Structures are given as C-alpha cells and as structure tokens.
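>>> Everything below, folded, please.
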Amino acid sequence: MASFYIPLSGLNADSTALNTIANDLSNMNTTAFKSQTTNFSDMFYQQIGSNGAGNQIQQGEGVQVASNSTNFTQGGYNTDGTTTSDVALDGSGFFVVSDGSSNLLTRDGSFTQDSSGNLVTAGGLKVMGYPAVDGVVNTNASITAISIPVTGAEQKAEATTSFTMTANLDSATGDSLPGTVTLYDSLGTAHTATITYTQTGTNTWSYSAALPAADFTSGTSTAVTGTLTFDSNGNLSQVAQTTPTAVAATTVGTASGDISSIPLSYTGLSDGASDLSISWNLLGSSGTPTISQEATASKESASSPNGHAAGVCTGFSIDSDGTVSATYSSGVSEAVGQLAVASVTNQQGLSLQGNGDYTTTLASGSATVGTAGSGGLGTIKDSALEESNVNISAAFSDLIIAQRGFEANSKAITTFDTITQETINMIH
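Residues are numbered from 1 along each chain as shown. Purely as a prediction, here's the structure:
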C-alpha cells in the first residue's frame, strides 16, 4: 500500500506549504511580520534488492516537512511621523518585552502607555529597558519595565544649581557685553540674571552677575563681581572675585588648585524661596573654557542652566537612541529610561508565540541585551514602524507550485486507486 502512503505524505507536506503561504498573505499588513518558507526533505529508503554490480536498489517512502524557516530580512518602514511612541529597528536585533514571568523578543515597536504609566506593546506586554535616575540612564543596571509618569502627573520645581555660558568678548573695541540666563529658585520662580562683561584693560575684563532688585525682600541686589584675564591667544586663563568675597586671581583649569567655576550666591528672595547657590561653570565638556576673547564682535551664543519651574506631564517621546523621555508643561524633557535591544546567536531557533513575539530556546541560545547601535545591534528609527516583509509576487508563485504539487500527489492516489480497483475486478 506504499503507493497510497507515499503520495499521502506529499499531500500532507504540500498542505503545510499551502498553510504557510496563506499565513504569510494574511499577515502582509501585520507590523514587523516575518514571512516563512516550508522546506521539504525525503524520508527514509527501503532496500528492495541489488543489481548485478552489487549496488543497492532502494525505494523511497515519501516526503516530510524538514523545516519552516523564517525570513528575518528587514521590512520597509511606515514613517508617517504621527505617533512619537512608535519606533522601528534599522538593522539586527529585537526589542525586549515581558509578560510578567519571562522576557520575550519582538520587532514590533508600536508602543503605548497603560493606565499605570508602563510602556507596553499593543498586546499589553511591558517594554523593558535600562532605568534612569534624575534623568540619567544607567546602562550598567539590570533591565526593568520602563515606567513613565502619566499625563497630568505633577513635577516639582527644581532650583538651578549650575549653568554654563558660551560667549566671545571683542578684544578690539573695549565695549561692554550684557548676557542673560534664566535661573529658577526652589519654588520654581524664574529669575533673569544679567551677566555683564566690561573691558578694563588689555586681555582683562570685569564681570558682574546680578539679579533684579525687585526679586529681593530688601529691594536691593548684591552683584557677584570679579575679573577675567585672557592669555595672548584669547583663552581664559585666570579668574578673580571681588564681591561678595574677595578671591585672588586663580588659574582656570582642572588641575589641583585650579578653578573651574565661579560661585554665585543670592539670599533674601522676595517669594520666600531658599537662598540660591549656583556654580557658573567656566569649562565645557571638553575641559576648555567656554568664554574666549577674539577680535570679532562680542556675542553670547549659548547658556545652559539646569533647574526648572513646576509643571505637569504632557506626554512622552522616544528618541533615535532609544531614550524614553517624559515631557512637561514647564518645557522640561526628562529621560525615564532607555529601550533594551537584544540579539541571539541563531534566529531560526526562536520560538514564535504570536503577536509578533518570540521566545528563546536551546537552539536559539540566550539573548544578549544591549542598547541600539552598540555591539552590532541596529539603530532606532523614531516615529516609524517596520512593515511586513512578505513578498506578494513570490508568495503567489510559491502558491502555484504548492498547488501543482498537491494536484500531482492527488493524481497519484487516484491512479493507484484505479489500478487497485482493476486488480480486484480481475479476482472476481
């Protein structure tokens, strides 16, 4: 009866192939869906004799499904840019999500926020990432569910403790340059500090940092004053302070005994806030002074104070590096975490769970977790979603081949059925 069972195995294999193609076509619009291909292999062989040369005469026993391989090539992108919480991976890797008991992997970055503030997938799984404390992400910590303040959550005011001002002072004109920076006290009240630079001699400028008199209960403001000295190349070399405390000229730098900031202190604020104690940073992130002297027009180009007024959460966004930031009505954007991105040694060994999720197996190996753009992992496209990688033309071609295979195996069964009937008729 092998003539029945052999084509029957073909029918079963072709049926699996047809199901696979149908599943691909039904998911052609599913976010980040990966198409599959059914692969066949022949089954064991039976020796039915040998020829005169001693070579075996073997008869095959049919076909079987060897594998359903997943095509992990990248799909296109839907970049309508309307949802800032949508993200897509450009390159290898998976987002890490959790069902509460174990971590899963997904390419679907259509994230949203649940009622508790957790960043979740469309299927309700929590999105995992590196935590942030006071706006600073710690990528050395264990990954955890990313939680975002819900819309309307209050953000307390934060007093300014430091700022950096970038400016150029014109060495040729002997003029005066006023610069301003907004400072916040402990109650969130904004104060506009005016920093005035006045040339007093060759390569020498005085500075005065003052708040408006109306900001104080006494109606008077004590400015912080001193002197800036530049070398022959226009680099800030020394700083001295005159008021409120006299400090002799000190070299600007990072070596022992050098000065890297000017302390500013203001007491008796009229709104009852705590006294302001602020460091005016003189060095940038590279360790070089941010104030220079050149024979070009004096200009204040930037200032970057910390601190902010009180506000409420108005939403969140995900940046291109995976940093998740809560935004507030005060204009502040604060990082609350960074998306984790994972990779596995053997993607074909992943177990498909539906909803675009995968779990690791012994065949796939454990997931290695990092951040986007590191360790060979892909980068993140924000405000975008990865599309399905189903190729409709190829799927239709495969559909015809599978259909013809099914028909051929069906014909083999009906042919053997006819032969069997003729044999039975001969006996009768």
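
>>> give me every residue that touches the residue nearest to residue 100 when sequence neighbours are not counted.
In space, and not counting its chain neighbours, residue 100 is closest to residue 126: 7.4 Å by C-beta to C-beta, 6 or more residues apart in numbering. Backbone N, C-alpha and C define where each C-beta goes, glycine included. When contacts are counted by C-beta atoms under 8 Å, 6 or more residues apart in numbering, residue 126 is found next to 97-100, 118-120, 145-146.

>>> any idea how far the spatially most central residue of the chain lies from residue 422?
With distances taken as C-alpha atoms, centre = their mean, residue 322 lies nearest the centre of the chain, 1.3 Å away. As for residue 322, its distance to residue 422 is 71 Å (criterion: C-beta to C-beta, to the nearest Å).

>>> How about residue 196?
Taking C-beta to C-beta as the measure, residue 196 and residue 422 are separated by 112 Å.

>>> Residue 252 now?
Computed as C-beta to C-beta, the residue 252 to residue 422 distance reads 106 Å.

>>> the more surrounded of the two?
The residue with more neighbours, out of residue 252 and residue 422, is residue 252; 23 against 9, by other C-beta atoms under 10 Å.

>>> Now do the same for the more buried one: its pLDDT.
At residue 252, the model reports a pLDDT of 95.

>>> Please name the bridge partners of it.
For residue 252, the beta-bridge partners are residue 259 (DSSP bridges).

>>> thought it was touching residue 289?
Yes. Taking C-beta atoms under 8 Å as the definition, residue 252 is a contact partner of residue 289 at 5.8 Å.

>>> shared neighbours, the two?
Residues touching both residue 252 and residue 289 (C-beta under 8 Å, 6+ apart) are 236, 282-283.

>>> Give me the number of neighbouring residues for the nearest residue to residue 172 once chain neighbours are set aside.
If the residues on either side of it in the chain are set aside, residue 172 comes closest to residue 295, at 4.5 Å by C-beta to C-beta, 6+ apart. Neighbourhood size, residue 295 [other C-beta under 10 Å]: 10.

>>> what does the one 10 residues further on give?
Residues lying near residue 305 (other C-beta under 10 Å) number 19.

>>> before we move on, what about residue 371?
Residue 371 has 20 neighbouring residues, counting by other C-beta under 10 Å.

>>> Next: residue 89.
If we define neighbours as other C-beta under 10 Å, then residue 89 has 25 of them.

>>> so how far is residue 210 from the residue nearest to the centre of the chain?
When C-beta to C-beta is the yardstick, residue 322 and residue 210 sit 43 Å from each other.

>>> And for residue 420?
Between residue 420 and residue 210 the computed distance is 107 Å (C-beta to C-beta).

>>> where does the residue nearest to the centre of the chain sit relative to residue 96, distance-wise?
Where residue 96 is concerned, residue 322 sits at a distance of 11 Å (C-beta to C-beta).

>>> And for residue 396?
Residue 396 is 36 Å from residue 96, where distance means C-beta to C-beta.

>>> higher neighbour count, the two?
Under the criterion of other C-beta under 10 Å, the comparison of residue 396 against residue 96 puts residue 96 first, with 21 against 11.

>>> what pLDDT does that one get?
As predicted, residue 96 sits at a pLDDT of 98.

>>> which residues does it form a beta bridge with?
Residues found in beta-bridge contact with residue 96 (criterion: DSSP bridges) are residue 105.

>>> which strand is the longest one in this structure?
Among the elements of the chain assigned as strand by DSSP state E, the one spanning the most residues is strand 190-201.

>>> count of residues packed around residue 367?
One way to gauge burial is a neighbour count; for residue 367, by other C-beta under 10 Å, it gives 21.

>>> for it, what are its contacts?
Taking C-beta under 8 Å, 6+ apart as the contact definition, residue 367 lies against 94, 96, 103, 105, 342-344, 360.

>>> Let's see that with 7 Å instead.
The neighbours of residue 367, taking C-beta atoms under 7 Å, 6 or more residues apart in numbering as the test, are 105, 342-344, 360.

>>> repeat for residue 228
The neighbourhood of residue 228, defined by C-beta under 7 Å, 6+ apart, consists of 205, 207, 236, 239, 291.

>>> Give the partner strands of the helix or strand containing it in its sheet and their orientations.
Residue 228 is located in strand 224-230, with elements delineated by DSSP states H and E. Strand 224-230 pairs in its sheet with strand 204-210 (antiparallel), strand 236-243 (antiparallel), by DSSP bridges.

>>> For the last one, the averaged confidence score.
Right, the one you point to is strand 236-243. Per-region confidence: strand 236-243 scores 95 on mean pLDDT.

>>> Pull out the buried residues from that strand.
Of the residues in strand 236-243, those scored as buried under the neighbour-count criterion (16 or more other C-beta atoms under 10 Å) are 236-241.

>>> Give me the distance between the two termini of stretch 201-213.
Between the opening and closing residues of stretch 201-213 lies a distance of 29 Å (C-alpha to C-alpha, to the nearest Å).

>>> What residues of the helix or strand hosting residue 317 count as buried?
When elements are assigned from DSSP H and E, residue 317 belongs to strand 311-318. Using 16+ other C-beta under 10 Å as the test for burial, strand 311-318 gives 311, 313, 316, 318.
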